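Enquirer: Test case, fold it:
(one chain, ligands or ions: 1)
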Amino acid sequence: MPDSWTIAIVSDIHYASPAEQARRGYEERAIHRLWLRMAVKAYRRYIWLRDPLAHNHLLDRFLDAAGTPDEVVANGDYSCDSGFVGVSDDAAFASAKTCLDKLRQRFPGRVNAVFGDHELGKMSLFGGQGGLRLASWHRAVSELNLPSFWRRTLGRFELMGVVSSLLALPVFDPEILPDEAVAWQTIRARHMAEIGEAFAGLPADRRIILFCHDPTALPFLLELEPVRQKLSQIELTMIGHLHTGLIFRLSRMLTGLPTLRFLGNSARRMSTALNQARCWRQFNVRLCPSLAGSELLKDGGYCTITLPADPEAGAGLRFHPLPR
Ligand SMILES: [Fe+2]
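Expert: Numbers count the residues shown, from 1 in each chain. Alright, predicted model coming up:
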């Protein structure tokens, strides 16, 4: 048995195919009220990300820098989802396919891919366009080979990947098409059952490294008795989704915020997550930022986790900044 294992984690790559790049300005175009469009544009330009379609080169930089890890975890969001309906949109599918192909060619047999919310579709910020689409789920599973749940064993560590959008489906309810609701519930129930089974069968000496794209899902995991019983075995939960340590720190400060139901769907969804964020501590949550990070801080990069043969020594998490 080796002395230790190394896992490289990359999150929120948001690759842009030529067809997605041709949609520059898609976020603003989806907002009809002028003042809101200007406010969102200013936020995107100076704080979040000036041009979300201009960071393909960062994937190549990660592939060059990551060395020879034992396992690679891609923690979701492979495309820019510029159609807001996930990979059922051909342009977003092309982005995700290129992104995953590059990862799998560079690290053959070692890439463990997690679903992000953008693989399935996500309603545009304040624009109300798009949302989860069942066709995106089926295409991601069958054509991108994204598993709903995966598990790897490294010594006494268990790596597990879950689908945050399925777990947090009640929060995404307004984004689901009415005639797809029953099918989503069935897929969610199956996912909850496979996670429950995996936790229930876990020996007491195992340490869990959980990969979950969006932390909104974590309170829903606590609905599962086997997860509640084995919470103390969770060494780390690696999330993505928030892109920057700035938003991660802000989210922790705003924990317990009341759910905002009067500012539209995006504000309702985000405030619901913050309202229930107290449980993040129980999961020992850590953020792997996006490759690009925020516009304000340019704090993007990737992470590595070193797992020792003796779990008592603890997992070593390290952030590796990537210059833009
Ligand atoms: Fe993302």
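Enquirer: what about the nearest residue to residue 8 once chain neighbours are set aside, distance to the ion?
Expert: In this structure, residue 8 finds its nearest non-sequential neighbour in residue 69, 4.0 Å apart by C-beta to C-beta, 6 or more residues apart in numbering. Where you see a C-beta, it was placed from the backbone N, CA and C, and this is true even at glycine. Applying C-beta to the ion, to the nearest Å, the value for residue 69 to the ion is 22 Å.
Enquirer: One more: residue 305?
Expert: Counting by C-beta to the ion, the gap from residue 305 to the ion is 20 Å.
Enquirer: Once you drop chain neighbours, what's closest to that residue?
Expert: residue 7 (4.6 Å).
Enquirer: before we move on, what about residue 50?
Expert: In space, not counting the residues next to it along the chain, residue 50 is nearest to residue 295; the distance is 5.0 Å by C-beta to C-beta, 6+ apart.
Enquirer: what number of residues lie near that neighbour?
Expert: 19 (other C-beta atoms under 10 Å).
Enquirer: that older thread, for the residue nearest to residue 305, helix, strand, or coil?
Expert: What DSSP: H, G, I helix; E, B strand; the rest coil gives for residue 7 is strand.
Enquirer: Okay, and the beta partners of it?
Expert: Residue 7 has the following beta-bridge partners by DSSP bridges: residue 71, residue 305.
Enquirer: Let me know the distance separating it from the ion.
Expert: Distance of residue 7 to the ion, computed by C-beta to the ion: 20 Å.
Enquirer: ditto for residue 36
Expert: 21 Å.
Enquirer: swap in residue 75?
Expert: For residue 75, the distance to the ion equals 9 Å [C-beta to the ion].
Enquirer: ok, that residue - contacts?
Expert: Applying C-beta atoms under 8 Å, 6 or more residues apart in numbering to residue 75 gives the contacts 9, 10, 11, 12, 114, 116, 211, 213, 238, 239, 240, 288.
Enquirer: and the ion, which of these contact it?
Expert: Filtering those for neighbours of the ion using C-beta under 5 Å from the ion leaves residue 12.
Enquirer: What strand or helix carries the closest residue to residue 244 other than its chain neighbours?
Expert: With C-beta to C-beta, 6+ apart as the criterion, residue 244 has its nearest non-adjacent residue at 3.9 Å, and that residue is residue 294. Assigned by DSSP states H and E, residue 294 belongs to neither a helix nor a strand.
Enquirer: which residues sit in contact with residue 294?
Expert: 47, 48, 49, 243, 244, 246, 247, 300.
Enquirer: what's the closest of the residues you listed to residue 158?
Expert: Checking those against residue 158 by C-beta to C-beta gives residue 243 as the nearest, at 27.0 Å.
Enquirer: Isn't that closest one up against residue 52?
Expert: No: the criterion here is C-beta atoms under 8 Å, and residue 243 misses it with residue 52 at 10.2 Å.
Enquirer: Just want to know which of these two has more residues nearby.
Expert: residue 243 (24 against 20).
Enquirer: any idea how far residue 303 is from the closest residue to the more buried one other than its chain neighbours?
Expert: The shortest distance from residue 243 to any non-neighbouring residue, by C-beta to C-beta, 6+ apart, is to residue 290 (4.1 Å). Counting by C-beta to C-beta, to the nearest Å, the gap from residue 290 to residue 303 is 11 Å.
Enquirer: and these two? which has more neighbours close in?
Expert: Neighbour count, other C-beta under 10 Å: between residue 290 and residue 303, residue 290 has more, with 28 against 20.
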